[in-house]
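What follows is a predicted protein model with its sequence.
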Amino acid sequence: MARRPRPADDSVTSGPLPGATRILALVRSSVPPVHPAGYPFIAAGLAVAALGRRNRWARRAGLAAAGANAAFFRHPPRTPPTRPGVVVAPADGAVCLVDTAPAPAELGLGSDPLPRVTIFLSLLDAHVQRAPVGGEVIAVAHRPGRFHSADLPEASAENERNSVVFRTPDGHDVVAVQIAGLLARRIVCDVRPGDKIAIGDTYGLVRYGSRLDTYLPAGSEILVETGQRALAGETVLARLP
């Protein structure tokens with residue numbers, strides 16, 4: 001007997017089911033992407049797991065290392081404020097110091113003390129750095145140094161660091177300084193003088209554990225206090241003069 005053709009069913013589609021689409025969207029919104037600098041470390045962990053797949057301990061160690069690096073190098077999306085004249089946090093972490101100090105000497109900005117906000121990043125924080133203001137990169141200066149624990153006061157002066165000067169369209173200079181720590185032995189900076197950048201754009205990272213100093217123009221109004229948690233690209237640190 002010939003098989004009768006199946007009636008058309010408008011509910012059957014060739015694409016993914018709506019439920020699967022919603023689940024996929026939820027996963028994408030809940031699991032942040034990874035900064036490209038983390039790919040080699042994740043790949044190394046997966047390679048160890050693959051090569052040691054017959055050894056339970058090697059397999060677990062490789063997968064654990066890959067997972068830990070995926071978490072460390074996470075690159076969560078952020079929505080910067082749109083109101084003009086504000087400075088946002090360049091890093092996730094805890095505000096550990098609000099004071100005044102001269103900008104790093106290698107920048108040649110003089111010895112006058114400037115308002116400074118320091119953020120300490122633990123191993124559990126996302127370690128990408130974001131532009132505190134929009135505008136033009138005026139200077140980038142790297143200085144070798146020591147590797148004290150990044151939460152010590154002397155870390156700003158003695159540790160290895162990379163300083164970036166961002167100039168707003170109104171002519172205000174804001175300095176963000178990436179400072180290596182006890183475990184942070186590699187500073188990554190992806191901007192060069194002359195680059196244009198928007199507030200909250202990612203420009204680098206420090207691995208693993210670090211500190212970010214933000215130097216503000218004289219007369220800026222600081223809007224955070226010691227102990228407060230900051231989110232890179234979103235938390236407003238200060239209002240420019």
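Noted; the coordinates are in hand.

Go through stretch 161-173 and flag the buried ones.
Burial within stretch 161-173, assessed by neighbour count using 16 or more other CB atoms under 10 Å, is assigned to Arg161, Asn162, Ser163, Val164, Val165, Phe166, Arg167, Thr168, His172, Asp173. Where you see a C-beta, it was placed from the backbone N, CA and C, and this is true even at glycine.

meant to ask about stretch 114-130, not that
Buried residues in stretch 114-130, counting neighbours by 16+ other CB under 10 Å, are found at 114-121, 125-130.

and of the residues you listed, the nearest to Arg78?
Arg130 (6.9 Å; CB to CB).

Looks like that closest one contacts Gly200 (just checking).
Yes. Contact status for Arg130 versus Gly200: in contact at 5.1 Å, counting by CB atoms under 8 Å.

so what sits against both of these two?
Residues within reach of Arg130 and of Gly200 at once, by CB atoms under 8 Å, 6 or more residues apart in numbering, are Arg78, Pro80, Val88, Ala232, Gly233.

Please give the number of neighbouring residues around the third one.
It refers to Val88. Applying the criterion other CB atoms under 10 Å, we find 25 residues in the vicinity of Val88.

Tell me how far it lies from Arg192.
21 Å (CB to CB, to the nearest Å).

Looking at the buried residues of stretch 114-130, which two lie furthest apart in space?
Checking the buried residues of stretch 114-130 against each other with CB to CB, the farthest-apart pair comes out as Leu114 and Ala126, at 26.5 Å.
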